[in-house]
Structure formats: structure tokens, C-alpha cells
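K.L.:
The following block contains a protein sequence and its predicted model.
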Amino acid sequence: MHGDDNAILSLRDRADVTNRWLSERIRSILPDLMAEEDIDTWIISGREYNEDPVLMTLLPAPMLTARRRTILVFHLPRSGDLECLAICRYGLGSIYRGVWDPESGDGWQCVAQLLRRREPRRIGVNVSDTHALADGMTASELEALRAELDPGARDRMVSAERLAVRWLETRSPGEIETYPRIARLASHLIERAFSPEIVHPGNTTTDDVVWWFREEIDRSGLDSWFHPTVKLQAPDSGWDTPTRDVIRRGDLLHCDLGLKYLGLCTDTQRHAYVLRRGEERPPRGIEGLFERANRLQDIVTSEFSSGRTGNQILCSSLTRARMEKIDGRIYTHPLGFHGHAAGPTIGLWDNQDRVPGRGDIPLNPNTCYALELSVIGTISEWQSDEVRIALEESVLFDGESVRFLAGRQKSPYLIR
């Protein structure tokens, strides 16, 4: 991708980009992951409108759903190249080789024949108690597969949970190159929303800004992966107990926005302050809380290290924050094909102790996260309840360091 950061590709050009990335991912990432997880054959299936989430990341554009039943089989021989096979009635382009003759039996019989010829040691299927995104093979699909397999093949079936997570979380070179531009689209949109173009104190409501986001995202040809939120805080209206929705001078605004473009998600939370007449900057207390929130970001990202689990990062980050007397919460999550994506969870807003299962996943290189956290405190200028600064930025961990994909907010936007 080249040119203006705000330029949105045509649907046709987007299909070209995502198919190029898919080919790159299958060729350069998937064989290593299958070898790493010791899975010779990976079977992924889905029926139309009830697709495995992993399947949806493997379908070439312009496919939007499975067709009837779509089965993909990836086989990595002990020596040789990865085989990418498709069992479906309709073609899947150049990435996959069609291997099913509908006249010779159903799709699962074809899969059974493939396995007899290849004799894999470990056959992975997407079943998981821990990760919803790795639990995409439905009960009926699994039952149909097992019914066709020889007893020996059934005994070699294993959960592909870790392979599915690794596939979903790992970003390719092309994705890494383009992700900052996608993240900047969200930043530009928030800058417009939190400006006099959209916010007219005394008239504009928080819901007006929310629906402006939705309309502008739709008009631009982007997608939302959740409905945005806009909140206000002021001496007469707290974060948890809002008393009004009309924006006034002196209000501290907050938004939470999630975009999806080229198959990749962003997740961004930022603030704006509506200046009072005669003001040139927000109250010093708000600026001080921003400094604490930025410091908490520094603490969390400095704890990122390959092989450390989400729970380890959470525990050490909170310990350091308490030592520095920062009253904060950390609820950072993976980001990628999904907004709440596969990979290590680093805290939940309602669980700051340890997240079983998802928090025990180790950090890996070339993965992205929504660095999501908040700090709270009182400010003398308001003489009211606690004020919360909640920030969220899209970041990349390359195995050595963390990079903010679209910079980070160090002070609130000012609406004059």
C-alpha cells in the first residue's frame, strides 16, 4: 500500500492485498507453526453461515462464507512442501488444490481417503475448552469426521488449539508493514470527531458523536467490529454515574473505537477536553493523570518478553505500578483478525489477579495487542469524585521491543 494514509482501497484492490497476504502467510508462516506444534495434518471445516473462525481467515477473497460445506486440509510431510487441499464443490482459487470428486462419495469420505494415503502421525482439529477462536469444529462436523476415519486415524486426532492460536496471532511481513496505516485511520477519525467540526458545546450529545462515528465509518468503506462508545466526565457527571449526555465546556470526553480494514482490527481509546472560555489547556490535574496513564503504558510494555505469559506480565506490571503509587487497571488483549483476538490475555477489567487459561499463553514475536488500561485519581480543580483516564493503543511486539502502531496520546485533544 502506498500514498495517502486516509485513502481507502477499492474492494477489488483490497481483495488483491488480502490474497497476497494469505498466500504469504500459508507459504512462510504455516509450515513452521505446524512443525512447532508437531501436527502433520490440520483439518478445518465449516458449513455455510456457521463457519469456523479460523476457516474465515483462510478463505481467499472474494469469498465471504463457506459454500455448503468447505473443508481445508493442510498436510506437512516429513520431507517436502506443505500441501494445501480443498474439499468443496466450488473452486478456491490458486492457493488450494481441489481433490474432491462428488461422484465418488461425500467430503468426509474424501478426507478419510487422503489420510489413509498420507498416514499422518498427529491430526489436528479445532476443539478447545479455553479459546473460542480455536473451538470452531462443531459437534456434528467432528462426529461426521470420526465416523469416516479408520480407528487408527481416530486415535491420532488431537486438539489443534495451540496451532490455531499461533496461526491467528502471528502477523506476516506484509501485514506488519501495513498495520500502522490501518491504526492511523482510527486516530484520524477520532481527531475529527473530537473537534469543533463535530462537537458543538451545549448542543451535541455523546450519542451524536457515536452515530457520527458509525456513519463516517460506513461512508468511508470501513467496518466497525463493535459499536463505538463516547462518555463524558465533569464535576457534575462521573464516569460510572453520568447525569447528562449533552456535551458542555469543561467536559472531559472519552471514546472507544474499533475499526476493521483489510481483515485486521484496531482498538483505540482516547480523550478530549472541551475548553472553557479563556482556557488554553485542561486542568493540571487531568494532565497529571495522563502522565500516570502514560507511565503505566511504559511499565506494561517494558514487561513484554518472548515466552512470558500474560499473567506474568500482568502481575509484574501491577507490582511496579503499586510501588509507584499508580492506581491503575490493566486489561490488554491480542489484536489481529479479531478485535479480541487469539493470544495471551494480560488482565481483564474485572479480574486483576490472574486469568486462567487465556492468561497462561506465552508471548510470541510478530504479534499485536490493544494496550488497554486505565488510571483513576482525584483532581483538585474539580473537587468531585474520582476521574478516570482510559487509554488504548494498537501495538506490535517484534520479539525484542514494543512499537506503537499509530503513536500514543500524551495529552487530551483540545476542542476550542
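P.N.:
Received it, and whenever you're ready, just let me know what you need. Numbers count the residues shown, from 1 in each chain.

K.L.:
Ile71 sits in which helix or strand?
P.N.:
For Ile71, the host element (DSSP states H and E) is strand 69-75.

K.L.:
Give me the phi and psi angles of Trp211.
P.N.:
phi -80, psi -20 (degrees, to the nearest 10).

K.L.:
Mind giving me the packing neighbours of the lengthiest helix in the chain?
P.N.:
Looking across the chain with DSSP state H, the single longest helix is helix 173-193. Helix 173-193 is packed against helix 11-28, helix 206-220, strand 252-257, strand 259-261, strand 264-265, strand 268-274, strand 387-397, with contacts defined by 3 or more CB pairs under 8 Å, 6 or more residues apart in numbering; DSSP states H and E. Where you see a C-beta, it was placed from the backbone N, CA and C, and this is true even at glycine.

K.L.:
mind exporting the very next helix or strand once past the strand holding Ile71 as PDB, just the C-alpha atoms?
P.N.:
Proceeding N to C from strand 69-75, the next assigned helix or strand is strand 83-87, under DSSP H and E. Taking C-alpha atoms only, strand 83-87 is exported to PDB below (Å, rounded to 0.1, in the frame of the first residue of the first chain):
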ATOM      1  CA  GLU A  83       0.100 -29.500   0.700                       C
ATOM      2  CA  CYS A  84      -3.000 -27.200   0.700                       C
ATOM      3  CA  LEU A  85      -6.100 -29.200  -0.200                       C
ATOM      4  CA  ALA A  86      -9.700 -28.200  -0.600                       C
ATOM      5  CA  ILE A  87     -12.700 -30.400  -0.400                       C
END
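
K.L.:
So which elements touch strand 83-87?
P.N.:
Against strand 83-87 (3+ CB pairs under 8 Å, 6+ apart) you get strand 69-75, strand 97-98, helix 107-118.

K.L.:
got the angle for the longest one vs strand 69-75?
P.N.:
This points to helix 107-118. Orientation check (axes from the mean of the first three to the mean of the last three CA atoms, to 10 degrees): helix 107-118 against strand 69-75 gives 10 degrees.

K.L.:
thinking again about what came up before, redo the helices and strands packed on helix 173-193 as JSON lines? Include distance to Ala139 and mean neighbour count.
P.N.:
Converted to JSON lines, those look like this (distance: least, CB to CB, whole Å; neighbours: other CB atoms under 10 Å):
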{"stretch": "helix 11-28", "distance to Ala139": "28", "mean neighbour count": "15"}
{"stretch": "helix 206-220", "distance to Ala139": "36", "mean neighbour count": "16"}
{"stretch": "strand 252-257", "distance to Ala139": "35", "mean neighbour count": "23"}
{"stretch": "strand 259-261", "distance to Ala139": "29", "mean neighbour count": "22"}
{"stretch": "strand 264-265", "distance to Ala139": "28", "mean neighbour count": "25"}
{"stretch": "strand 268-274", "distance to Ala139": "37", "mean neighbour count": "24"}
{"stretch": "strand 387-397", "distance to Ala139": "35", "mean neighbour count": "24"}
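
K.L.:
Mind putting the ones you listed into JSON lines with distance to Leu189 and mean pLDDT?
P.N.:
JSON lines is the format used below for these (distance: least, CB to CB, whole Å; pLDDT from 0 to 100):
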{"stretch": "helix 11-28", "distance to Leu189": "18", "mean pLDDT": "96"}
{"stretch": "helix 206-220", "distance to Leu189": "6", "mean pLDDT": "97"}
{"stretch": "strand 252-257", "distance to Leu189": "7", "mean pLDDT": "98"}
{"stretch": "strand 259-261", "distance to Leu189": "8", "mean pLDDT": "97"}
{"stretch": "strand 264-265", "distance to Leu189": "14", "mean pLDDT": "98"}
{"stretch": "strand 268-274", "distance to Leu189": "9", "mean pLDDT": "98"}
{"stretch": "strand 387-397", "distance to Leu189": "13", "mean pLDDT": "97"}
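
K.L.:
Domain parsing of the chain, as residue ranges.
P.N.:
Domains of the chain are assigned by automatic domain parsing as 11-168, 172-415.

K.L.:
For Gly202, find the nearest of the helices and strands packed on strand 83-87.
P.N.:
Among the helices and strands packed on strand 83-87, the nearest to Gly202 by CB to CB is strand 69-75 (54.5 Å).

K.L.:
sorry, back to before: so which residues make contact with the longest helix of the chain?
P.N.:
Here helix 173-193 makes contact (CB atoms under 8 Å, 6 or more residues apart in numbering) with 1, 5-6, 17, 20-21, 24, 28, 171, 198-199, 209, 212-213, 216-217, 222, 230, 255, 257-259, 261-262, 264, 266, 268, 270, 366, 368, 394, 396, 398, 405-407, 413.

K.L.:
swap in stretch 10-27?
P.N.:
Contact with stretch 10-27 is made by 1, 9, 58, 60-62, 82, 84, 93, 95, 170, 172-175, 178, 221, 262-263, as judged by CB under 8 Å, 6+ apart.

K.L.:
Now do the strands in the stretch 201-350 of the chain.
P.N.:
Secondary structure of the stretch 201-350 of the chain (DSSP state E, counting those that start in this stretch): strands at 223-224, 229-233, 252-257, 259-261, 264-265, 268-274, 328-330, 333-335.

K.L.:
Specify the stretch among the ones you listed that is closest to Ser317.
P.N.:
The nearest among the strands of the stretch 201-350 of the chain, by CB to CB, is strand 328-330 at 5.8 Å.

K.L.:
Let me know the distance separating the nearest residue in space to His340 that is not next to it in sequence from Ala160.
P.N.:
Spatial nearest neighbour of His340, excluding adjacent residues (CB to CB, 6 or more residues apart in numbering): His333 at 5.5 Å. Distance of His333 to Ala160, given as CB to CB, to the nearest Å: 22 Å.

K.L.:
who has more neighbours, these two?
P.N.:
Taking other CB atoms under 10 Å, His333 and Ala160 do not tie; Ala160 has more neighbours (28 against 23).

K.L.:
Now for the residue nearest in space to the middle of the chain: which residues touch it?
P.N.:
In the chain, the residue lying closest to the centroid (CA atoms, centre = their mean) is Leu335, at 2.4 Å. Counting by CB under 8 Å, 6+ apart, Leu335 touches Cys265, Thr266, Asp267, Ala341, Cys368, Tyr369, Ala370, Ser394.
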